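In: Generate coordinates for the sequence data below:
(chains A, B and C)
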Amino acid sequence: MVLSHAASRRLVNLVSGIVLFVLMVWTVAPLYWMVATSLKSNTEIYGAAATLWPKALTFDNYTTLFAETNFPIYFRNSVIVALATVVLSLVISALGAYALTRLRFRGRRVLAQGLVYTYLMPSSLLFIPLLIIVRNVGLQNTMEGLVLSYLGFTVPFCTWLLMGYFISIPVELEESAMIDGCSRLGVLWRIVLPLTLPALAIVAFFSFTLSWNEFIYASVLVTDANVRTIPTGIPDFVVADVFFWGPMMASTLISTLPPLIVYFVFQRFLISGLTLGAVKG
Amino acid sequence: MTTKSYTRRDFGKLGLATAVGLAAPFVLTRRAFARDAKLVFWLQPNFNQAADDLLIAQTLEYAKAQGLSESDVQIEKIPGGEIAKRMAAALEIGAPPDVTRVNDADLTSWGSGGHLLDVTSIVDEMKTQKGGINENVLPQTVFDGATRAVPMGISPAAAHVRLDKFREAGYDALPDTWEGFIEAARKISQPPFYAYGMALGLTPSDSLGDVMSVVAAYGGSLVDAQNRPSIQSDATIAAFTLINQMYNEFSIIPKGTVSWDNSGNNKAFMSGQVAYALNETSIYSSMIVDKNEFLDATTLELPPGGPAGRHITAYTNYYGVFKAAPNPELAMGLVRHFMQPDNYSKFVVGAGGRYLPIYPAQLEDPFWGEHPAYNGLRKAVTEGRSIVFPGRPSPALSEIVNRSLIVEAVQGMLVKGIEPARAAENAQNAMLEVFQRHGEAA
Amino acid sequence: MSVLTETASRVPRTPGLWDRMSNDARFLALIFLLPAIVVLTCVVLYPFAYALVLSFQDKSPGIPGRFIGFSNYITLLKDPDFIQTLANTAWYTVIAVVIKFLIGLASAIVLNQDRPFNNVYRTVLFIPWAIPTVVCALIWEWVFNEFNGLLNIVLVNLGFIDHGIAWLAEPKLAMWAVIAVVVWSGTPFYTMHFLAGLQAIPKDLYEAAEIDGAGVVQKFWNVTIPSMLPVFTITVMLSTVFTATGITVVNILTNGAPAGLTQILPNESYNVTSAGQMGLGSAINMVMFPFLVLVIIVLTRRLLKDGNN
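Out: Below is the predicted model of the structure:
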């Protein structure tokens, strides 16, 4: 194919424009349906003539959500659990990833690989044994219990991502610092962490979304409505009421906002965090 | 290397610290399992908001009378589809609720597992009330020689029928045979409106009841009188053939029914998408409570019949008190409070007939007269059969119900083109495997 | 290690335990890894060992189990439905991962180009990741609804079909519908990683290729793809695991319907365990393990080697 430089550039732009358009429609369409449903009245949602967009806007579903359901409590719990999980998994994973990438010791590879295996344990397998442990340490029906359990998947996940980032920092920086009398901890604190701040942001972000989304553990470890999180709280009013699509879509919309806001604000930061890790994968 | 600068002592200290760290969580296990709530009640939604609210109110009322504060009581709403999983987990850690509603299948597995408390005294008291109670369900509640559950209501699987649709098609009432039903249904079905909202999903729910309502009309049953699997029979094959026709050939059942969850048929009927749904009266009772637009056009009937007669399946719901309850008297008192005739009447009526009363005398309440739709169901109280008729519930049968094994075989026929005879055989084999594993005679 | 010895020799006084330890790699590694090891032992390894033992038992909740050797596994392997579920799981995972990979790569490439409002596009394409999976499944259940779902309304209005299709019930469509939801909710994970990977490729590599006369396509194959390999590996690995072991979408959308055609192992295990058969339930999940381990070994071998150098 012989195309001039400019022509091939135009072609690329055209194709990618179309691709972007298709991707946007694919992503947005279900979201549109969610928003539209949340603004419809029951008759419009269930009526014989289903409507594509709400004919008469109503905010009843949002009123119902906040006045008649426990949604605000679920929301608060989700935020607390997710934030606590983020902080703990950051500390644990940063230390672990540093050890696995920077310190030479026997069994390093085995440990690194073992870490991946812990990540592949399905929660559908572990939920009852885990409940036994969590109960035995007295953490059933507590947010601490949830946080502890979530570390089970956020720690391997974050450690692996962080390992990629740590590898990308030149060893020479650390060595020269240590020659200046800096201890290992000092190196980690003063040199490695500042350099990987964006990476920490991205890892924090992933562990936030993972625990924000978790369902199985939350449904088994917690039976107390005061400790329930959004993913287990929502199906509650799904089955208790026959006409639930309206309030449910409303709750969905609101539960999506926190991660989204974080993402929008920190986007540049997050992308550059990923970039750093991508150098070495 | 720097190894030399260490003494064995250092390593000893390190090792000790590690061991303590690793062992700590397991040592802590001996910590007391003090729970804050003195009374834990798991509320399984009744698919009827009024019924749920009444139960909560009565629980709090009881707690107050017992001198408990509101924080001493824990009422957990456990969605129907989640109850088996949550209870399995709770029983495993020895922390079931004090009281919860129990259905037939769960009664068998929890009762035979030895988890339920002897509640004979409550049932005996109920028998002395005016008119007594309906006693034909009591044999099922006996495990290890004692009554382990308090029957709390009878729930016939009633045919909810949109009479207006049948009238439009030229029928005065629901036809009394399945052949007649199909004939009418073909006239009624005009997609997106369908005649039969048959529950066929794999979530344990109404699906098995829907399938068995057709099978029973032809004389088939899950197990025989000796409780051996008997689903593979000519009757079943005839019924399966019919279901296959309704789903595939005549399209009077919406295709999506195979992926419905346990409220699928409720929603379809209440939002006016189907003309017939077989369900506990939770549909009709919520329609009363919600003042549903199709209420007046709806009536309750026995499902159509066949060569073996016209039957109705009635589920019994119970209250169970768990052995693990820290204060059994307090827990049993809650069930007494629920079953105290005045409270009970308030619940049954306030819930719009979600359950038919276990006290036959309460059928005299004016409520039942005001809703003639219930007339067709009165005899279900005495004539309704269990879903495992003529057998009796067993742990193997509970597993078969909870894993939807029969419905899965039916789905194989509906969507994979498996012959009805093969589907019946598959169902039988699935049953045999479970029976064998449970060591029950097959 | 020579660096460490030198450092140590500079310290004039006899170093205390802490000084010695904080400069010793093995000790530090232990300290640094201890929290991770403790946590993972408690919430992953111990439960796993427990589940492994369960898989050799006949066990109902709250009643001590009875060892029955390999009976559970034999029961499974003799069951044709189980074999079907195993096959479903494999092809569901592979197809979902491949599609997520391709869409993720396409999104990343497009988002990496200069274009006004790029921030908006990047945020929008990321939204599905921010939605709890339970909620994703519920939204899509509503989109697929036979009577009032978006998909059917659009198709009917456009005149493609007369009345709604039951997307989740048609044997030929159900698995694709499930995969569509998994792809929708999981693609942003790829997009984000790939986008970052693309930005990390040094510009001079492309310039060098251009000087050699490479066109758009050659640049893509000769520069982009090779530079992205490590990113591809880690993303695919993490995603394969959470695709294969995630049950939420299947559980909510179909729970295996129609006739087990969308059933996958972890969900089957979840159902069986929930029905009180804890031993059999554990065994079902255990069967999946060797396959996942294999995937991980293949994928991490190179990665860890790279790390060593």
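In: what separates the residue most central in space within chain A from chain C, distance-wise?
Out: Centroid-nearest residue in chain A: residue A:209, 1.4 Å away (criterion: C-alpha atoms, centre = their mean). Counting by C-beta to the nearest C-beta, to the nearest Å, the gap from residue A:209 to chain C is 6 Å. C-beta here means a position set from N, CA and C on the backbone, and glycine is covered the same way.
In: Equivalent analysis for residue A:125, please.
Out: The value you get for residue A:125 to chain C, if C-beta to the nearest C-beta is used, is 4 Å.
In: for that residue, what are its contacts?
Out: By C-beta atoms under 8 Å, 6 or more residues apart in numbering or on different chains, the contact set of residue A:125 is C:47, C:48, C:51, C:266, C:269, C:282, C:285, C:286.
In: near chain A, from these?
Out: Within the set of the contacts of residue A:125, contact with chain A (C-beta under 8 Å from any C-beta of the partner chain) is found for C:47, C:48, C:51, C:266, C:269, C:282, C:285, C:286.
In: what's around the last one, how many residues?
Out: Each residue near residue C:286 was counted by other C-beta atoms under 10 Å in any protein chain shown, and the total is 21.
In: Could you do the fifth one as well?
Out: Taking other C-beta under 10 Å as the criterion, the count of residues near residue C:269 is 27.
In: what's the answer for residue C:229, then?
Out: Considering only other C-beta under 10 Å, residue C:229 is surrounded by 13 other residues.
In: pLDDT score for it?
Out: Predicted confidence (pLDDT) for residue C:229: 85.
In: so it is in which element?
Out: Following DSSP states H and E, one finds residue C:229 within helix C:225-245.
In: So is that helix next to chain A?
Out: Yes. Judged by C-beta under 8 Å from any C-beta, helix C:225-245 comes into contact with chain A at C:228, C:229, C:230, C:231, C:233, C:234, C:237, C:238, C:241, C:244, C:245.
In: So which elements touch that helix?
Out: helix A:108-119, helix A:143-167, helix A:245-278, helix C:80-112, helix C:174-200, helix C:278-308 (3 or more C-beta pairs under 8 Å, 6 or more residues apart in numbering or on different chains; DSSP states H and E).
In: ok and that helix relative to helix C:278-308, angle-wise?
Out: Helix C:225-245 and helix C:278-308 meet at an angle of 160 degrees, taking axes from the mean of the first three to the mean of the last three C-alpha atoms, to 10 degrees as the criterion.
In: Can you name the next helix or strand after helix C:225-245?
Out: helix C:248-253.
In: Spell out whether that next one and chain B are in contact.
Out: Yes. Using C-beta under 8 Å from any C-beta, helix C:248-253 reaches chain B at C:252, C:253.
In: What lies in contact with the following helix or strand past that helix?
Out: Sequence-wise, the next helix or strand downstream of helix C:248-253 (DSSP H and E) is helix C:265-274. With C-beta under 8 Å, 6+ apart as the test, helix C:265-274 has contacts from A:122, A:124-125, A:127-128, A:216, B:84-85, B:88, B:402-403, C:82, C:85-86, C:89, C:244-247, C:250-251, C:255-256, C:280-282, C:284-285, C:287-288.
In: one step back: which of the residues of helix C:225-245 next to chain A has the largest number of neighbours?
Out: Neighbour counts for those (other C-beta under 10 Å) peak at residue C:231, which has 26 neighbours.
In: What about the closest residue to it other than its chain neighbours, how many residues nearby?
Out: Among residues not flanking residue C:231 along the chain, residue C:197 sits closest, at 3.7 Å (C-beta to C-beta, 6 or more residues apart in numbering or on different chains). Using other C-beta under 10 Å, residue C:197 has 27 neighbouring residues.
In: Fine by me, we can end here.
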